[in-house]
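Chemist: Using only what follows, build the 3D model:
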Amino acid sequence: MGLKIDLHVHTCYSKDSTISLEQVVCFAKKRGLDGVAITDHNTVEGALKLKTKKIIVIPGIEVSTLQGHLLGINVKTPIPAKLKMKETIQKIHDAGGVAIAAHPTAFYKSPASRKVTCYDAVEVMNASSFPFSVLTHYSKEFAEKLNLPQTGGSDSHYAPEIGSAYTVVEAEKDVDEIANAILCGSTTPIGKGIPLKVWMKRSIARLKKKS
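Modeler: You can find the predicted model right below:
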């Protein structure tokens, strides 16, 4: 059996997320996950602060590049925003990380450019993308065209969304081993779209956070 890892989770260290570090652990366990990758927007602060032995915590980041969003997995150092995609990928590699094209077909979510071909993997299953099945189909086509590993994640900004989509990674319970397994394509994305009811609750939670 592989490890169930949600490779795209935001915490309250992302301005648009309401998830506390404690909630990450609680809901990951509740959903039967073995671990999560913390991928806050343009910061690794939350990823470095989450210390627990209850789940595997993979440090990461979601970088806003000039050509869309890019996930950096197994990254512990800040990666500057607003650079070209290829330059950002190189900086993630220099930091020892894995560069994953984030929601490449979700046109309203600053998708990673499909004109770039040097990603390490493609996020083909993003639970917060709508319509989920259609965008998953086209994202898989993109990954297959480039012959790249496929991953899945919830892109959660509200705690109950955690684990809606995840990646089964054939690896030992070690962050470096998990990163290497992603690079080798030992991954299977699994999941479904976030239900409308949860979407609505997320919106309410965001409004409360702003007020």
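
Chemist: any low-confidence regions in this protein?
Modeler: Counting by pLDDT under 70, the chain has low-confidence residues at 206-211.

Chemist: Export only the CA atoms of the stretch of helix or strand residue 48 belongs to, formatted as CSV.
Modeler: Per DSSP states H and E, residue 48 falls inside helix 45-49. Taking Å, rounded to 0.1, in the frame of the first residue of the first chain, the C-alpha atoms of helix 45-49 are listed here in CSV:
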residue,chain,number,x,y,z
GLU,A,45,6.4,29.9,7.2
GLY,A,46,3.4,27.7,7.9
ALA,A,47,5.2,24.6,6.5
LEU,A,48,8.1,25.1,8.8
LYS,A,49,6.0,25.8,11.9
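
Chemist: So which elements touch it?
Modeler: When contacts are defined as 3 or more Cβ pairs under 8 Å, 6 or more residues apart in numbering; DSSP states H and E, helix 45-49 sits against strand 56-65. (Each C-beta comes from the backbone N, C-alpha and C, glycine too.)

Chemist: next helix or strand past the strand it packs on?
Modeler: Sequence order places strand 68-73 as the next helix or strand after strand 56-65, per DSSP H and E.

Chemist: contacts for that next one?
Modeler: 7-8, 37, 39, 58, 60-63, 79, 85, 88-89, 92, 95, 97-104, 109-113, 119, 123, 153, 179, 182 (Cβ atoms under 8 Å, 6 or more residues apart in numbering).

Chemist: In the following helix or strand past it, which residues are buried?
Modeler: Next helix or strand after strand 68-73 toward the C-terminus (DSSP H and E): helix 85-94. Residues 85, 86, 88, 89, 91, 92 are the ones in helix 85-94 that count as buried (16 or more other Cβ atoms under 10 Å).

Chemist: start to end distance for stretch 96-107?
Modeler: In terms of Cα to Cα, to the nearest Å, the two terminal residues of stretch 96-107 are separated by 29 Å.

Chemist: So what's the gap between it and the chain middle?
Modeler: Offset of stretch 96-107 from its chain centre (Cα atoms, centre = their mean, to the nearest Å): 8 Å.

Chemist: Is it correct that residue 77 is in contact with residue 43?
Modeler: No. Counting by Cβ atoms under 8 Å, no contact exists between residue 77 and residue 43, whose distance comes to 10.9 Å.

Chemist: Run through the residues that contact the closest residue to residue 177 other than its chain neighbours.
Modeler: Nearest residue to residue 177 in three dimensions, chain neighbours excluded: residue 171, at 4.5 Å (Cβ to Cβ, 6 or more residues apart in numbering). Taking Cβ under 8 Å, 6+ apart as the criterion, residue 171 is in contact with 2, 3, 177, 178, 180, 181, 186.
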